[in-house]
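A.B. asks: sequence? don't have it. structure:
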């Protein structure tokens, strides 16, 4: 188990992409800290279940990723980490002139500023150990834009820039920083949207997925959370020791257009 003895913090990891990444890292032997903004019995049971399934240590720590101090406390309470996956994110769609200021502030805080705070808190320990992996989950929207997503696009572009800056600051210290840029990923949240899209467009599932939801994704196939997790595992492997300060697109060709 190549990641045995490593500890990974994955923010926003009780479902979707974050959970897929957490499970992929656990399968390689990494101990886990799961996170979200809730603190339910189900959250802690999820961590316990992953620990039992993969024979690793796992726990759940609540932190509101819109709160910079809470982001830093998450890393402190975890006792530091070897692998930091900044995945937490939210979205809102509206024209700029109608975009709620509170939504703008929240999206920038959770999708961008949280990564600054967790990275700043995690780096001293990584430097002391001479090894670390920072993996920021950006988006195809970190490389291109779409209308009505001003805050999300701005935050994800900023996250890519933050990734590159961190990579330069820690180059040669055994620490890498990279961004994964997914396109549309089949998460429970996306799955739940499909029936409404079918009804709105009068199409069957296959057609509405291919012709509406994945119109900008040339493969016309969703990426899977397992594929994003596999990419994260690769970035933690010796094969990726010299991959830093870059983006890896998992978007079915979206950003190749």
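C.D. replies: Happy to help now that I have it. From a predicted model like this one, the values you see are computed outputs, not experimental measurements. Numbering: from 1, shown residues only.
A.B. asks: Only C-alpha atoms from now on, for both contacts and neighbour counts.
C.D. replies: Fine.
A.B. asks: any idea what sits nearest residue 241, other than its immediate chain neighbours?
C.D. replies: Using Cα to Cα, 6 or more residues apart in numbering and skipping residues adjacent in sequence, the residue nearest residue 241 is residue 176, 7.3 Å away.
A.B. asks: now residue 110
C.D. replies: residue 66 (4.8 Å).
A.B. asks: Kindly report the same for residue 133.
C.D. replies: Among residues not flanking residue 133 along the chain, residue 83 sits closest, at 4.7 Å (Cα to Cα, 6+ apart).
A.B. asks: I figured that neighbour hits residue 9, correct?
C.D. replies: Yes. The criterion here is Cα atoms under 8 Å, and residue 83 meets it with residue 9 at 6.3 Å.
A.B. asks: between those two, which one's more packed in?
C.D. replies: Per other Cα atoms under 10 Å, whichever of residue 83 and residue 9 has more neighbours is residue 9, with 31 against 27.
A.B. asks: Can you classify the more buried one by secondary structure?
C.D. replies: strand (DSSP: H, G, I helix; E, B strand; the rest coil).
A.B. asks: One more: residue 2?
C.D. replies: Relying on three-state DSSP, one would call residue 2 coil.
A.B. asks: Distance of it relative to residue 24?
C.D. replies: From residue 2 across to residue 24, the span is 12 Å (Cα to Cα, to the nearest Å).
A.B. asks: So between these two, which is more surrounded?
C.D. replies: residue 24 (22 against 14).
A.B. asks: hang on, that one packs against residue 233?
C.D. replies: Yes. Using Cα under 8 Å, residue 24 is in contact with residue 233, at 6.8 Å.
A.B. asks: For those two, list the residues in contact with both.
C.D. replies: Counting by Cα atoms under 8 Å, 6 or more residues apart in numbering, residue 24 and residue 233 have no shared contacts at all.
A.B. asks: Now for residue 206, how many residues are close by?
C.D. replies: The burial count for residue 206: 11, using other Cα under 10 Å.
A.B. asks: Now name the helix or strand holding it.
C.D. replies: helix 205-208 (DSSP states H and E).
A.B. asks: cool, and residue 118?
C.D. replies: helix 114-129.
A.B. asks: ok, residues contacting that helix?
C.D. replies: With Cα under 8 Å, 6+ apart as the criterion, helix 114-129 contacts 65-69, 71-72, 74-76, 80-82, 84, 86, 132, 134, 136, 159, 162, 173-175.
A.B. asks: quick one: average pLDDT of that helix?
C.D. replies: Averaged across helix 114-129, the pLDDT comes to 98.
A.B. asks: Any buried residues in that helix, and which?
C.D. replies: 114-119, 121-123, 126 (16 or more other Cα atoms under 10 Å).
A.B. asks: Please identify the buried residues of stretch 208-221?
C.D. replies: Applying a neighbour-count criterion of 16+ other Cα under 10 Å, one finds 208-210, 213-214, 216-217, 220-221 buried in stretch 208-221.
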